[in-house]
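Participant: show me the folded form of this:
(chains A, B and C)
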Amino acid sequence: MCFTPSNKALSFVFICFLFTLAACQDGSSDSVEAEDTPADVQEAEDAEDLDEEQIPVGILHSLSGTMAMSETSVRDSELLAIEEINDNGGVLGKELVPIIEDGASDWPTFAERADKLLQEDEVPVIFGGWTSASRKAMQPVVEGHNGLLFYPVQYEGMEASPNIFYNGAAPNQQITPAIDWLMEEKGDDIFLIGSDYVFPRIANQAVNEQVEDAGGTIVEEQYTPLDHTDYNTIIARIREADPDVIFNTLNGDSNVAFFKQLYDAGITADEIPVLSVSVAEEEVQGIGSEVIEGHYASWNYYQSLGTDENIEFVERFQETYGEDRVVGDPIEAGYFMVHLWAKAVEEAGTTDTDEVRKAADGIEFAAPGGPVEINGENQHVSKTVRIGEVQEDGQFEQVWKSDEPVEPDPFLEEYDWASGLSEIVTDED
Amino acid sequence: MHERQSFFTTKQGVFTILIVILAILPLLMSDFQTNLLGRFLAFAILAVGLDLLWGYTGVLSLGHGIFFGFGAYITAIYITIESSGGGLPDFMMWSGMTELPWLWQLLSNPVAALSLAILVPMFVATLLGFFTFRNRIKGVYFTILTQALVLTMVTLIISQQQYTGGSDGLTNLQTIFGFSLSSPQTQLVLYFLTLIVLTVVFFSSLRLVNSRFGKVMVAIRDGENRLRFSGYNTAHFKTVVFTLSAGLAGLSGMLFVMQIGIVTPTMIDIIPSIEMALWVAIGGRGTLLGPVFGALLANTGSTYFSESFPEVWTYLMGLAFIIVIIYLPKGLMTIGDKLTKKRRGSHANQSAGKPTKL
Amino acid sequence: MEAILLQLFNGLSLGSILLLIALGLAITFGLMNVINMAHGELIMIGAYAAYVVQLLFLTYLPEGMFSWYFIFALPASFLLAAFFGWLLELSVIRHLYGRPLDSLLATFGAGLILQQLARTIFGAPNVGVQSPTFLAGTIEIFTLSIPASRLFILLLVAACVGFMFYYFYKTKSGMRIRAVMQNRKMASSLGINTRRVDSTTFAIGAGFAGVAGTVLTLIGPIGPTLGTAYIVDAFMVVVVGGVGMLIGTVASALGIGMFNTIFEYVTNASMGRVLVFILIILVLQWRPNGLFHLRTRSLD
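Facilitator: Residues are numbered from 1 along each chain as shown, chains lettered A, B, ... in the order given. Here you go, the predicted model:
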C-alpha cells in the first residue's frame, strides 16, 4: 500500500479548515479599495460596517473571466454615478456605499452573489448583469427576496419581471427600427449572422417576421459557437448568398474575428454593409476602426453625441478613468440607471422595493443620450433610437435617429407582424 | 512497532468529527451560508469520486464537469416540468415548439429523472471508457480527450437550445415534490440530505479502496503493465472505476442543482472541470479524506477571496495551485503527515508518508 | 467548382492556423511530455507583444514605416514568449518532469496568473492591432480571390515547420535536444548538459507560441482570455498526430482543419465541432497512438 492514512495530525487539517473559514470572514472586513475605483467612493465589505447615514447598494458584474472585458467598464460608470449622487448630498440625505461583487462570467455565480447581496448585505438594489443568461440567473433571486435589479444592456425582450428595471433597449428600441432603416436605405435581401445562443435566435425570429411582412427576404441565417474564431466558411456562404446587407448579432470576441476576416476577404462596407447590435465604441477599438469603418451599429447612445449632458459625462468619465477610455451605450445606461433609481427613491421617500416600484413610473432623467423615462407598466425606459456609422477614429457618426424617445414595447405588441410571437408569451401568463 | 491508534486519529474518526461539526454548523450560520456550504458538500461528493479515479487508479479525467452537468441538467429538467405544471418552459415556446420533446416527457417521472441523473453519466462514461481504455489510450491522452469531450458537449448544449435552454441554461427552478426550493426549510433538509449522502459515499469508498478491488486500482496506478502481464484486464477495471466516478459526479450535480436552483453551461465548462481536479489535488490525492477538505476549502476560499479582493483573487488562486502541486504533491494531507512525523520524532519506524509516483 | 476550391483553401488555411498554434506544443508536449496549459497564455503574450510593437511604431516612427511593425513583431513576440517560457520552466515545470498530469494543473495556475497580469497591465477590454497594409485585400489565383493574410499565414507556417525540421534534424543543438528527449541518461553520460537542454527546448516551444500569437492578431481578437479559445484544439492536434512526431502534427492539423471546414459547410458551425470530435475518437480507435508514432520496444 502506498499511503497509510496519516493520523493524529489529520485533525490538524481540519482545524486549519475552520480557522481559514473564520479568518476569511474576519479578513473580509478590512475593506479593500479596488485600485481603479474613484477615490472618494468608499467600498463597504459588510453591511454591519455601515451606520444609519449610509445606504448599501450592490454592484454585480463579471470582473474576471471572458465577460470582464465588457462588464468592468459598466461597473466604472455606475461608480461614477454613485460618486456624483454622493457629492450632491446622497439619497434621502444618506450616503450610498457600493458593495462590489464579481459574477466571474459564470451565471450561477451571479445568482449566488445576488443572493448574498440581498440576504447578507441587505441592499435595496443591485446594479448589474450584462448577458441575458446572467439576468435570467438573477431574476428568481430578486423575485424571491423582493429585491430590485437594474439591468443596463439591450436584450431580446419578451420579459417584464416586477423586480427588474430594464435600462437597455427593448427590441422595438433598437432592432425593429434598425431593420426598417436597412430595408429602406440598403436593400431587401438580408443575411442574418449571430452567435449560437438565446439573444440572436430570439431576436432573429422577430426579424424574420418583420422582414417577411415588409416584403424582404432573409437569404440565409447562420449561427456560430460563442468563441468561434474562423469565419472563412461563413464568408464563403455570404459570397454565395450575395445579400444586400448583413444583420449581425454576434457576441463579443467573435465580432473581432468576423470583421477582420470579412475585411481580408475584400468585402467592403460599400458592397455589403453590416449592421450590428452588439458592437459599441469599446468593441470597435478591439476590432480596429480601419476594419469596421463604414459599417453600422444601432444603439441609443454614442460617445460622439454633442449634447451638453454627454460632453460633461464623457469628460467626467475620462477624467476619472483615463483619457484613453471610451464610453458606449451600456456604459451610459449603467450611468443613468443609478440616477433613475436614486430619483425614484427620493420620490418614494424610502428604499422599500414596493414603494420604489410605485414611485418609479414616470421618473425622468436627462441622460447623456437624451431624456429617458421609466415606463411603470413594463419597467423599461423610453429612449431615443439611433443608427450610427463607424468613422476612421473609431467613433460613430449618427446617420439616423428617432424624432423623439421611443416607448418601450418588450413584447412587440404594437406590431401586427409580431402577433404570433407575443401571443406565445402572453398565453403563458 | 505500531503505535495504537485511537479512533479519532483514523480517517473514519476525522471524517466523523467533520460530519458532526458540519451537522452543528447550520445552527450558527445564516440561511445563505448554510445553503452555500450545502453546495460545497455536493462538490465534496464529486471530489471523492474523482479521487477514486485519479488518486487511486491514476486516471485523470478533466471531463467530470460534463458528468456533473448531466446530473444537474436532468434533475433541472424534472424540476422545470414540475414547476411549470405541465406547461412548456418559455424558451421552448420561443423556439417554436408546441409540445414537450419525448426526452423531456420521459423525465417528467421523478423516479426516472432521479435515477437517470446518475445512470446517464455512468452510461456516457462507460462508452467513452470502453472506446479509450480498450485501446490502451492512457495517461495524458485520455485526459486531453476528456477535455475535448467537455468542449464538444458544451457546444452541443448551447446550440440545442430548444431542448436545453442554450446559454441561459435552465433557470427559475421552483418546486421539487411540492416543496418550494426557495424556502429555508427545504434547503435545510437538502443540506442534511447532502451531508448524509456524502457520509455514505465516503464510507463506501473507503471500504472499496480497502477491498481487493481497491488493491487492483492502486496496482493499475503504480504499474499497469505488470498487472496486465499477470492476467488482469485493466481496461475493464478502469472502465468500472470511471463509470462509478461519473455516477458520483451525476449524484453531486443532482444535489447541487437542487440547492442553487439554476443550471447553465458555464458551470460545466473546461475551467470548472479543471477546478474539480484541483480540489482533489489541494486536499490530497489518494486519501479520500483530503478531497473532501479540498472541495470545502477551495470553494470557501474562492468565495471569500473573490468577495474581498475581486481584482486580485485570480492571482491568489493561480499561485495557490502552483505551490500546492509543486511543494505539496499530496496536498494538504502532507501537512498532516509532516506534523505527525515531527510529533513522533524519535520513533524509528514509520509507516506513513512513503513517497509515491503519481 | 470554384466554391469547392475555395472551401479546400479554407480548410488548408484553418489547418495552417491549427498547426501554428500546435507547433509550440509539439515541442513542449511532444518532445518533453510536459502538458503546458499556459500555452494559450504564451500565445496571448505573443499577441500583446505585437500590440506593443505596433504602439511603439505609431509613437516613434513616421507613418510610412508603420506596416513594417509586423516584421519586427514576429521576432519580438518569439523572444518575449520564449523569455516567459524560460521563466515558467525555471519556476514551475522544472519540478514536474515525469509528472505530466501535475504539470497540467500547475501550468493551469500559471495561466490564470498570466491572464490576470494581462488584465492588470492592458485592461480587461480587447485591444486593437491594425494589420499591415501589405496584408490587406485579396490576391487573385486563377479564378479564386484569396485573402492575402491567409496566404501569408500559410507561407509563414510552412517556413516555421521547415525551420523546425532543419533545426531538430540537421543542427547540432537540435540533435542534442532529440538525444536528451529520447534517452536522457545516455545523453547525460555523453556530456550533454541536460538541464540546459530542457530549458532551451521549452523556451523554443514557448517562442513558437508567441509567433502564433502575433499571427493570430491578423485574424482574431486580442484580449486576456485569447489563449483559452485555442488550447484544447492545439492539444487535440498533437494527440491525433502522434506525440513526438512533427510530421504527425502537420498531418493531423491539416486533416482536422480540412474536415472541420467540410463538416461546417455541410451542417453548421456548432455541429461541425461535434462531428470533428467524433471523428477524432474514431481515428484514435484505428490509431491509438496517433497517426504517426515512434516505434519503440519500451513500455511506459
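Participant: need the pLDDT of A:F336.
Facilitator: On pLDDT, A:F336 comes in at 96.
Participant: and for it, the neighbour number?
Facilitator: In terms of burial, A:F336 registers 26 neighbours under the definition other C-beta atoms under 10 Å in any protein chain shown. In this view, the C-beta of every residue, glycine as well, is placed from N, C-alpha and C.
Participant: SS state for it?
Facilitator: Under DSSP: H, G, I helix; E, B strand; the rest coil, A:F336 falls in the helix class.
Participant: show me what the spatially closest residue to it that is not a sequence neighbour is bridged to.
Facilitator: Nearest-residue entry for A:F336: A:A367, 3.8 Å, with adjacent residues in sequence omitted and distances by C-beta to C-beta, 6 or more residues apart in numbering or on different chains. Here A:A367 sits in beta bridges with A:G370, going by DSSP bridges.
Participant: from memory C:G30 sits against C:V237, does it?
Facilitator: No - under the criterion of C-beta atoms under 8 Å, C:G30 makes no contact with C:V237, lying 10.4 Å away.
Participant: residues that sit against both of those two, list them.
Facilitator: Shared contacts of C:G30 and C:V237, defined by C-beta atoms under 8 Å, 6 or more residues apart in numbering or on different chains, comprise C:T249.
Participant: ok, now how distant is C:Q7 from chain B?
Facilitator: From C:Q7 over to chain B the distance is 21 Å, taken as C-beta to the nearest C-beta, to the nearest Å.
Participant: secondary structure element holding that residue?
Facilitator: Remark: C:Q7 resides in helix C:2-25, with elements defined by DSSP states H and E.
Participant: so what's the gap between that helix and the chain middle?
Facilitator: 13 Å (C-alpha atoms, centre = their mean, to the nearest Å).
Participant: quick one: secondary structure of the residue sitting nearest the centre point of chain B?
Facilitator: Centroid-nearest residue in chain B, with C-alpha atoms, centre = their mean: B:L46, separated by 1.5 Å. Following three-state DSSP, B:L46 is assigned to helix.
Participant: hang on, the earlier thing: out of C:G30 and C:V237, which sits in the busier spot?
Facilitator: It is C:V237, of C:G30 and C:V237, that has more neighbours when counted by other C-beta under 10 Å, with 28 against 25.
Participant: for that one, which non-adjacent residue is closest in space?
Facilitator: C:A22 (4.0 Å).
Participant: the nearest residue to A:G216 once chain neighbours are set aside: neighbour count?
Facilitator: Nearest residue to A:G216 in three dimensions, chain neighbours excluded: A:D188, at 3.7 Å (C-beta to C-beta, 6+ apart). Neighbour count for A:D188, taken as other C-beta under 10 Å: 17.
Participant: residues contacting A:D188?
Facilitator: For A:D188, counting by C-beta under 8 Å, 6+ apart, the contacting residues are A:211, A:214-217, A:244.
Participant: with B:L149 instead?
Facilitator: B:L149 makes contacts with B:63, B:66, B:128, C:277, as judged by C-beta under 8 Å, 6+ apart.
Participant: SS state for it?
Facilitator: The three-state label for B:L149, taken from three-state DSSP, comes out as helix.
Participant: contacting residues for the residue of the stretch 151-300 of chain B at minimum distance from chain A?
Facilitator: Each residue of the stretch 151-300 of chain B has a distance to chain A, by C-beta to the nearest C-beta, and the smallest belongs to B:S167, at 3.8 Å. Under the criterion of C-beta under 8 Å, 6+ apart, the contact list for B:S167 reads A:131, A:133, A:197-198, A:226, B:158, B:161, B:264-265.
Participant: and for whichever strand or helix holds B:Q105, what's in contact with it?
Facilitator: Secondary-structure assignment from DSSP H and E places B:Q105 in helix B:102-106. The contact list for helix B:102-106 (C-beta under 8 Å, 6+ apart) reads B:77, B:81, B:112, B:116, B:163.
Participant: near the closest residue to chain A within chain C, how many other residues are there?
Facilitator: Among all residues of chain C, C:N126 sits closest to chain A, at 2.8 Å; criterion: C-beta to the nearest C-beta. For C:N126, the count of nearby residues is 26 (other C-beta under 10 Å).
Participant: pLDDT wise, what is the closest residue to B:S167 other than its chain neighbours at?
Facilitator: The spatially closest residue to B:S167, leaving aside those adjacent along the chain, is A:Y197, at 3.8 Å (C-beta to C-beta, 6+ apart). With respect to pLDDT, A:Y197 scores 81.
Participant: what's the spacing between A:Y197 and chain C?
Facilitator: In this structure, A:Y197 and chain C are separated by 10 Å, where distance is defined by C-beta to the nearest C-beta.
Participant: so what's that residue up against?
Facilitator: When the contact criterion is C-beta under 8 Å, 6+ apart, the partners of A:Y197 are A:133, A:226, A:251, B:158, B:161, B:166-168.
Participant: so which of the contacts of A:D188 are in helices?
Facilitator: Among the contacts of A:D188, the subset assigned to helices under DSSP state H consists of A:V211.
Participant: if we can go back for a sec, then the helix holding C:Q7 to CSV, C-alphas only?
Facilitator: Listed next in CSV are the C-alpha coordinates belonging to helix C:2-25 (Å, rounded to 0.1, in the frame of the first residue of the first chain):
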residue,chain,number,x,y,z
GLU,C,2,-15.0,27.5,-57.6
ALA,C,3,-16.8,27.1,-54.3
ILE,C,4,-15.2,23.7,-53.7
LEU,C,5,-11.8,25.1,-54.4
LEU,C,6,-12.4,28.0,-52.1
GLN,C,7,-13.5,25.6,-49.4
LEU,C,8,-10.4,23.5,-49.9
PHE,C,9,-8.3,26.6,-49.4
ASN,C,10,-10.3,27.5,-46.3
GLY,C,11,-9.7,24.0,-44.9
LEU,C,12,-6.0,24.3,-45.7
SER,C,13,-6.0,27.8,-44.1
LEU,C,14,-7.7,26.6,-40.9
GLY,C,15,-5.3,23.7,-40.8
SER,C,16,-2.3,26.0,-41.1
ILE,C,17,-3.6,28.1,-38.1
LEU,C,18,-4.2,24.9,-36.1
LEU,C,19,-0.7,23.8,-37.0
LEU,C,20,0.8,27.1,-35.9
ILE,C,21,-0.8,27.1,-32.5
ALA,C,22,0.2,23.4,-32.1
LEU,C,23,3.8,23.8,-33.2
GLY,C,24,5.0,25.0,-29.8
LEU,C,25,3.0,22.2,-28.1
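Participant: burial count for the residue nearest to the residue nearest to the centre of chain B when sequence neighbours are not counted?
Facilitator: On the basis of C-beta to C-beta, 6+ apart, the spatially nearest residue to B:L46 that is not a chain neighbour turns out to be B:S252, at 3.8 Å. Using other C-beta under 10 Å as the criterion, B:S252 is surrounded by 34 other residues.
Participant: tell me which element B:S252 is part of?
Facilitator: With secondary structure defined by DSSP H and E, B:S252 is part of helix B:234-260.
Participant: show me chain A divided up by domain.
Facilitator: By the record's domain assignment, chain A is partitioned as A:8-169+A:310-381, A:172-304+A:386-426 (automatic domain parsing).
Participant: of the contacts of helix B:102-106 - the most surrounded one?
Facilitator: The most neighbours, when those are compared by other C-beta under 10 Å, belong to B:I77, which has 27 neighbours.
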